[in-house]
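Student: Kindly return the folded structure for what I paste below:
(2 chains)
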Amino acid sequence: MSTLEKLSEYVETGKSKEAKALTQKLLGDNISADKIVHDGIIAGLDAIGEKFAAFSAFVPELMVAAMAARESLEVLRPKMTQGTLHKTLATVVIGTVEGDVHDVGKNIVAMMLEGGGFNVIDLGVDVPPAKFLKEVQYHEAEILALSSLYSPTRLAMKDIMEALKTEGLRDKIKIMVGGAPIDQAFCDLIGADGYAPDAPQAVKLARSFLV
Amino acid sequence: MKDDPIYKDRRYRINELREKSEKMTSRERALKAINFEEPDRIPIDNWMVPEIKTRCMDYWGCEDEEELLAFLGVDVRDNFGPSYVGQEFKKFDDGTVADLWGVRRKIVTYGKGTFHEGKFKEVAWSPLEHMTSVEEIESYEAWPTPDWWDYSKLKEDCAYWHPEYFVLNKGDRLDRTAQLKPMMYLRGIQQTFIDLAVNPDIVECIRDHVVNYFLEYNPKVFGVGGDEIDMFMMGDDMGGQRGPLISVEMWRRYFRDAFRKYCDIAHKYGLKVMYHTCGDVYQLIPEFIENGLDCLQSLQPQATNMDIKRLKQEFGKDLSFQGGMDIQQVLPLGTPEDVRKMVKYAAENAKRGGGYIFGTAHNIQADTHIENVAALFEAYHEYGVY
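Tutor: As a prediction, this is how the structure comes out:
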């Protein structure tokens, strides 16, 4: 097994400490950050994503894999900001909508997007529509990801869509929605660009926006 | 009940249907159902957020909640357990209030200024979240004790509903028998998932504190309540929208033994056990049955694999059901016709041979229009008849 494959395995199995140390070693061996991200971290996240889809991994396993990916990325970040070796795919502004304080699903999505090579701006929970708009503009985000768990709060997503239209921002950004009470029908109802039922599929959806 | 013609008109349909179908008391009806016999109609349980209760009382002209439940033909009456007399719950400057376990909650408002505005209490601070060792968790000073409750009125509270109604002992959020939920409140949801993956000692330590509390508390409740309790309800959310939150192996490793003990204690006191869990728990249902469960509650139809027809076909011989009405899509976003279709589908597929109680998969939420709530209850009485 190559060292990059080993890193992928550490990410997949949520071994944060080992993944971090190996990332450090790979950098020391002059492996490019790009290669480490794609063949190590993203490969590991894709593997756990497949297991999750096949019901052989569940939320705890997904959570620790996403954390291991994030910790490895932390090691790479100085190299990434130096700009020569790795470029993030796109900027995603993410948050749980106003009136809802649930953040576990949103956090897993944020971690997996980050691990998957996106620049993620996490606004936290109970985020008012105006705050989403402000941050999307400030960060020049390509994607806005909205989460809700408690069903009545999902209607806030509709308000955000309206506000984006009013501000003339709607066509400049892709909007993805998720959370237990969200489905494709609700996504269509409010006119969002995509819905993902879980974190691995959220990463796939975000990637599909870039094609 | 208010007598104005407008209310009488609105109540007419339900009254008319009930008059035709009902031939026994609510208690007789629900007891038959949970014992796999066919009563006169499918029994009804009711879960609603306070905002919807108020809207219903206004719509049908009911003076109080009990009038509403009696009019709607709700057969189950909830018993919330003994009275709390323990240490005073601390209030903090940030507006949070500690609960039985020392978990602090705050009130969150949603849908401000809209028809569906509502409030709910949400965990704001989990006392064990940042602890890093079993020793630290063991030294937590606020573990509760069953002695913090006064059980003297419990029997009387339950008996108040007998012989007319079916009494379900379900506790409240503070003392509902569970394992994973209190752990999540105490430790934080995210940290709990991490612990489940990588910190087995911490999971076992917190679980044991929670379980030992309920193993001591429940016999006291059942001993005092005696025959005045008809069924015991426990609850733990083990399902997500598209599958169990944890694997079957993990459930067996951490939660099976106490699940079995909780059921065994209730059975020892002659009580059947209802278990609430949100989400898709299809893979876990054989485990629940094997470990003593009598009635599965929620049957969230939007979750994968929780179609009531399938569940009844596969597990209906061993397990009774309560729930199945969708609060995520049909009730808040559908039409009254959609609601009627949903009730008809559940009735047609779950009522044969008893073993089914009508109910929503969780509280009817504030984003639901009254027309759909009215359609739900009218359809219960229309399609629930045997």
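Student: Name the nearest residue to the closest residue to chain B within chain A, sequence neighbours excluded.
Tutor: In chain A, the residue that lies nearest chain B is A:G99 (2.7 Å; C-beta to the nearest C-beta). Where you see a C-beta, it was placed from the backbone N, CA and C, and this is true even at glycine. In space, and not counting its chain neighbours, A:G99 is closest to B:Y110: 2.7 Å by C-beta to C-beta, 6 or more residues apart in numbering or on different chains.
Student: Where do the helices of chain A begin and end?
Tutor: Applying DSSP state H to chain A gives helices spanning A:3-12, A:16-28, A:33-35, A:43-53, A:59-81, A:104-115, A:129-139, A:155-166, A:184-190, A:199-210.
Student: ok, is the longest one in contact with chain B or not?
Tutor: This points to helix A:59-81. Yes - using C-beta under 8 Å from any C-beta of the partner chain, helix A:59-81 comes into contact with chain B via A:59-61, A:63-64, A:67.
Student: from the chain's centre, how far out does stretch A:33-47 sit?
Tutor: Offset of stretch A:33-47 from its chain centre (C-alpha atoms, centre = their mean, to the nearest Å): 14 Å.
Student: actually stretch B:158-178, not the one I wrote
Tutor: Using C-alpha atoms, centre = their mean, the offset of stretch B:158-178 from its chain centre is 11 Å.
Student: That one - what's its average pLDDT?
Tutor: Regarding stretch B:158-178, the rounded mean pLDDT is 93.
Student: Would you check that the residue of chain A closest to chain B makes contact with A:A156?
Tutor: Yes - with contacts counted by C-beta atoms under 8 Å, A:G99 reaches A:A156, the gap being 6.0 Å.
Student: Spit out the residues that contact the two alike.
Tutor: B:110-111 (C-beta atoms under 8 Å, 6 or more residues apart in numbering or on different chains).
Student: Taking chain B, what residue is nearest to chain A?
Tutor: Residue nearest to chain A within chain B: B:Y110 (2.7 Å; C-beta to the nearest C-beta).
Student: What's the per-residue pLDDT of that residue here?
Tutor: 88.
Student: Lowest mean pLDDT among the helices and strands of chain A, which one is it?
Tutor: helix A:33-35 (a mean of 86; mean pLDDT, DSSP states H and E).
Student: Pull out the buried residues from it.
Tutor: Within helix A:33-35, the residues that count as buried by 16 or more other C-beta atoms under 10 Å in any protein chain shown are A:33-34.
Student: I'd like to know which elements that helix is packed against.
Tutor: With contacts taken as 3 or more C-beta pairs under 8 Å, 6 or more residues apart in numbering or on different chains; DSSP states H and E, helix A:33-35 sits against helix A:59-81.
Student: So for the helix it packs on, mean pLDDT?
Tutor: Mean predicted lDDT for helix A:59-81 stands at 88.
Student: Can you check what angle separates that helix from helix A:3-12?
Tutor: 130 degrees (axes from the mean of the first three to the mean of the last three C-alpha atoms, to 10 degrees).
Student: quick one, helix A:59-81 and helix A:199-210 angle?
Tutor: Using the same axes, to 10 degrees: helix A:59-81 against helix A:199-210 is 40 degrees.
Student: starting at the chain centroid, how far to helix A:59-81?
Tutor: The answer for helix A:59-81 is 11 Å, by C-alpha atoms, centre = their mean.
Student: As CSV, could you dump the C-alpha coordinates of that helix?
Tutor: The C-alpha coordinates for helix A:59-81 follow below in CSV (Å, rounded to 0.1, in the frame of the first residue of the first chain):
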residue,chain,number,x,y,z
VAL,A,59,-23.1,8.8,11.4
PRO,A,60,-20.4,8.1,14.0
GLU,A,61,-18.0,6.7,11.3
LEU,A,62,-18.8,9.5,8.9
MET,A,63,-18.2,12.1,11.6
VAL,A,64,-14.8,10.9,12.6
ALA,A,65,-13.7,10.5,8.9
ALA,A,66,-14.7,14.1,8.2
MET,A,67,-12.8,15.2,11.3
ALA,A,68,-9.7,13.3,10.2
ALA,A,69,-9.9,14.9,6.8
ARG,A,70,-10.2,18.3,8.3
GLU,A,71,-7.2,17.8,10.6
SER,A,72,-5.1,16.7,7.7
LEU,A,73,-6.2,19.8,5.8
GLU,A,74,-5.1,21.9,8.7
VAL,A,75,-1.6,20.6,8.2
LEU,A,76,-1.8,21.5,4.5
ARG,A,77,-3.3,24.9,4.9
PRO,A,78,-0.1,26.9,5.1
LYS,A,79,1.0,25.3,1.8
MET,A,80,-2.4,26.0,0.3
THR,A,81,-2.5,29.7,1.2
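Student: ok, and the closest non-adjacent residue to A:K20?
Tutor: A:E71 (4.8 Å).
Student: Now that the one you found has come up, it's in contact with A:S16, right?
Tutor: Yes - here A:E71 lies in contact with A:S16, judged by C-beta under 8 Å, at a distance of 4.8 Å.
Student: any idea which element B:R105 lies in?
Tutor: strand B:104-110 (DSSP states H and E).
Student: could you check the angle strand B:104-110 makes with the next helix or strand after that strand?
Tutor: Following strand B:104-110 in sequence order, the next helix or strand is strand B:118-125 (DSSP H and E). In terms of direction (the same axes, to 10 degrees), strand B:118-125 departs from strand B:104-110 by 150 degrees.
Student: residues making contact with the helix or strand just after strand B:118-125?
Tutor: Sequence-wise, the next helix or strand downstream of strand B:118-125 (DSSP H and E) is helix B:134-138. Here helix B:134-138 makes contact (C-beta under 8 Å, 6+ apart) with B:128, B:131, B:201-202, B:205-206, B:209.
Student: Redo those as JSON lines? Include distance to chain A and secondary structure.
Tutor: Putting the contacts of helix B:134-138 into JSON lines (distance: C-beta to the nearest C-beta, whole Å; DSSP: H, G, I helix; E, B strand; the rest coil) gives the following:
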{"residue": "B:L128", "distance to chain A": "17", "secondary structure": "coil"}
{"residue": "B:M131", "distance to chain A": "18", "secondary structure": "coil"}
{"residue": "B:D201", "distance to chain A": "15", "secondary structure": "helix"}
{"residue": "B:I202", "distance to chain A": "13", "secondary structure": "helix"}
{"residue": "B:C205", "distance to chain A": "17", "secondary structure": "helix"}
{"residue": "B:I206", "distance to chain A": "15", "secondary structure": "helix"}
{"residue": "B:H209", "distance to chain A": "20", "secondary structure": "helix"}
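Student: Can you select the buried ones from the residues you listed in PyMOL?
Tutor: Selection command for PyMOL covering only the buried members of those, criterion 16+ other C-beta under 10 Å:
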select buried, chain B and resi 128+131+202+205+206+209
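Student: okay if I get the contacts of helix B:134-138 as JSON lines plus pLDDT?
Tutor: Converted to JSON lines, those look like this (pLDDT from 0 to 100):
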{"residue": "B:L128", "pLDDT": "98"}
{"residue": "B:M131", "pLDDT": "98"}
{"residue": "B:D201", "pLDDT": "98"}
{"residue": "B:I202", "pLDDT": "98"}
{"residue": "B:C205", "pLDDT": "98"}
{"residue": "B:I206", "pLDDT": "98"}
{"residue": "B:H209", "pLDDT": "98"}
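Student: if we can go back for a sec, just checking, the residue nearest to A:G99 touches B:F120?
Tutor: Yes - using C-beta under 8 Å, B:Y110 is in contact with B:F120, at 7.4 Å.
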